[in-house]
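Novice: Need the 3D shape of this:
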Amino acid sequence: ILFDLAVGGNPRVRPTADCGYKAADAASPGPVQEGSVGAGAGATVGKLGGMAEHDGYPAGSRKPMKAGIGSASISLPNGLVVAALVAVNAVGDIVDPATGRIVAGVLNADGTLADARKILFSDRVRPSGARAQPKTPPSGSSRRTPSSRKTRPIAWR
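Specialist: Sure thing, here's the model as predicted:
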């Protein structure tokens, strides 16, 4: 079950244990259904632009687009099958890794893709009530140089 808090309606309506039992009961040994089924039924991408009328944005504002659930598998020579099942529910865009082209994400009012990276770096997205950070430190403040910072290994290096 995929659940976004307070998106699309009453925030008090939540999945129950019965929802999980029904999902398990509906499972079958056949091919995996993909698209807007199961966890994919509530999936969207491009929420960085807001949820339009759900978040108090004016009609015609940027909005997310429908996403879903997908799967892939490979059969190994020894007979073992490795499979993956993914529900895509991204705040940003889905980008084709081979081309760098945005294939799904934040939609403009005219239905074109907006590019979540540009929105994110434009300083137009901040948590509610947050103020823009100053570009330079206030006078009298101190700033550490990179060499004075303690460092620790980073997992992706």
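
Novice: tell me what the lengthiest helix in the chain is packed against?
Specialist: Longest helix of the chain, by residue count under DSSP state H: helix 17-26. Of the remaining helices and strands, none touches helix 17-26 by 3 or more CB pairs under 8 Å, 6 or more residues apart in numbering; DSSP states H and E. All C-beta atoms are positioned from the backbone trio N, CA, C, and that covers glycine.

Novice: please begin residue numbering at 35 from this point
Specialist: Got it, the first residue is 35 from now on, which makes the last one we talked about helix 51-60.

Novice: State the next helix or strand along the chain beyond that helix.
Specialist: The C-terminal neighbour of helix 51-60 among helices and strands, as given by DSSP states H and E, is strand 78-79.

Novice: Which strands and helices lie in contact with the helix or strand following that following strand?
Specialist: Counting by DSSP H and E, the next helix or strand C-terminal to strand 78-79 is strand 99-100. When contacts are defined as 3+ CB pairs under 8 Å, 6+ apart, strand 99-100 packs onto strand 78-79.

Novice: what residues does the strand it packs on touch?
Specialist: 38, 41, 98-101, 122-124, 126-128, 138-139 (CB atoms under 8 Å, 6 or more residues apart in numbering).

Novice: Any idea which of the residues you listed the model trusts least?
Specialist: In terms of pLDDT, Val41 ranks lowest among these, with 57.
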